[in-house]
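Asker: Got a sequence here, can you build the structure:
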Amino acid sequence: MATATARRRSGYAHEVEIGSHAFVADEPPHKGGNDEGPSPTDLLAVSLASCTAITVEMYADRKGWELPGLRVDVDADGSLVKGDASYQVTMRLPAGLDPDQVDRLATIAGKCPVHKAIARETPISISCRAED
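Answerer: Coordinates of the predicted model:
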């Protein structure tokens, strides 16, 4: 199990840690933040892009397919708060793949764990503990 921790720095900026990695998450100025790091909703788009790329690359490795220069772009639109969020994933594949390979990679892209979690409602439990 991985534990992600967010600790307030100032304003809406938070130091975020998971495992041995640390970075800052914040909101943009128009939402009251100082733009010291990506917003949580932007991090969700980053998670989708990176998970898609890694999932597709793992599959291609197993098949012996070369994917030099693979790039995955995710355009996020709408609002998670309003419930109208949508994501457009665009994979930029190297030339030379046949149509069957491209179709298979598109199918595999939809199987990345982050895609699956976003595409369906994922149970989340919340508990609170008082700290001394």
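Asker: CA only for contacts and neighbour counts going forward, please
Answerer: Noted.
Asker: Okay, buried residues for stretch 75-94 please.
Answerer: 76, 87, 89, 91, 93 (16 or more other CA atoms under 10 Å).
Asker: got a list of what residue 19 touches?
Answerer: 2-4 (CA atoms under 8 Å, 6 or more residues apart in numbering).
Asker: Distance to residue 43 added to the residues you listed, as CSV?
Answerer: CSV is the format used below for the contacts of residue 19 (distance: CA to CA, whole Å):
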residue, distance to residue 43
2, 17
3, 16
4, 13
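Asker: quick one: contacts of the helix or strand harbouring residue 49?
Answerer: Using DSSP states H and E, the secondary-structure element containing residue 49 is helix 40-63. Helix 40-63 is contacted from outside by 25-27, 66-67, 70-76, 80, 87, 89, 105, 108-115, using CA under 8 Å, 6+ apart.
Asker: any idea which residue sits dead centre in this protein?
Answerer: residue 47 (1.4 Å; CA atoms, centre = their mean).
Asker: Quick check, pLDDT for that residue.
Answerer: Note for residue 47: predicted pLDDT of 95.
Asker: and it, how far is that from residue 9?
Answerer: 23 Å (CA to CA, to the nearest Å).
Asker: Just list whatever residues bridge to the nearest residue to residue 8 once chain neighbours are set aside.
Answerer: Spatially, and ignoring its direct neighbours in sequence, residue 8 is nearest to residue 14 (4.3 Å; CA to CA, 6 or more residues apart in numbering). The partner list for residue 14 in beta bridges (DSSP bridges) reads residue 8, residue 25.
Asker: contacting residues around residue 14?
Answerer: 6-8, 24-26.
Asker: Show the model's pLDDT score for it.
Answerer: Turning to residue 14, the model gives it a pLDDT of 97.
Asker: Same question for residue 120.
Answerer: Residue 120 is given a pLDDT of 83.
Asker: ok, it - how many residues close by?
Answerer: 8 (other CA atoms under 10 Å).
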